[in-house]
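Visitor: can you look at this prediction? I've put the sequence above it.
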Amino acid sequence: MEFYYERKSADYRMTARVGTGRGEYSLAVGLSIAGPAITAHCLNGAGEDCTRTDVPGGSVAMADLVRLGSSPTDWQRSVTVFRPDKTVALLVVIGRRDALPSPAQLTAIGAAPALTLHP
C-alpha cells in the first residue's frame, strides 16, 4: 500500500493491490476538500449505471460500474462519497467484475468517520 499527497490536484491518495489470482483487484482512494460549487456526481458521468445513495449522517454516495475497453475481464467500479464536512472520498477498484467490492462496501469505507481531512 502507498499513501501520498498529490500536489497538482491538492488531494491525498492511497493505492493498493488486494487479493490474489482471479480475486485480485487494484484499489485507489482519494481524499480532497469539496469546492464551493461541487455537486454530487458519478466519476464516469450520469449514465444508467450511475446510482445515488443517501448515507446516514448526511453523506451522499454516487456509484458507477464501467467496462474498461473491450476486455471482458477489466471492470472499474467507482464510488464518490460527498460528506457534510466537505470531504470528498473517491474510491476506485479495477479488476474482474466478480472480484470487485460492492458499492455498499466502498460506500462504508468512504463514509467512515475516521477517513477525513479534518481533525
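Guide: Received it, and whenever you're ready, just let me know what you need. Numbering: from 1, shown residues only.

Visitor: what's stretch 33-44 in contact with?
Guide: With Cβ atoms under 8 Å, 6 or more residues apart in numbering as the test, stretch 33-44 has contacts from 10, 49-50, 52, 60, 62-64, 66, 76, 78, 80, 82, 86-88, 90, 92, 117. (C-beta placed from N, C-alpha, C; glycine too.)

Visitor: can you say which of those residues are buried?
Guide: 50, 60, 62-64, 66, 76, 78, 80, 82, 87-88, 90, 92 (16 or more other Cβ atoms under 10 Å).

Visitor: looking at these, which are in helices?
Guide: Using DSSP state H, the subset of the buried ones among the contacts of stretch 33-44 located in helices is empty.

Visitor: what about the residue nearest to residue 106 when sequence neighbours are not counted, distance to residue 72?
Guide: Among residues not flanking residue 106 along the chain, residue 79 sits closest, at 3.9 Å (Cβ to Cβ, 6 or more residues apart in numbering). Distance from residue 79 to residue 72, counting by Cβ to Cβ, to the nearest Å: 23 Å.
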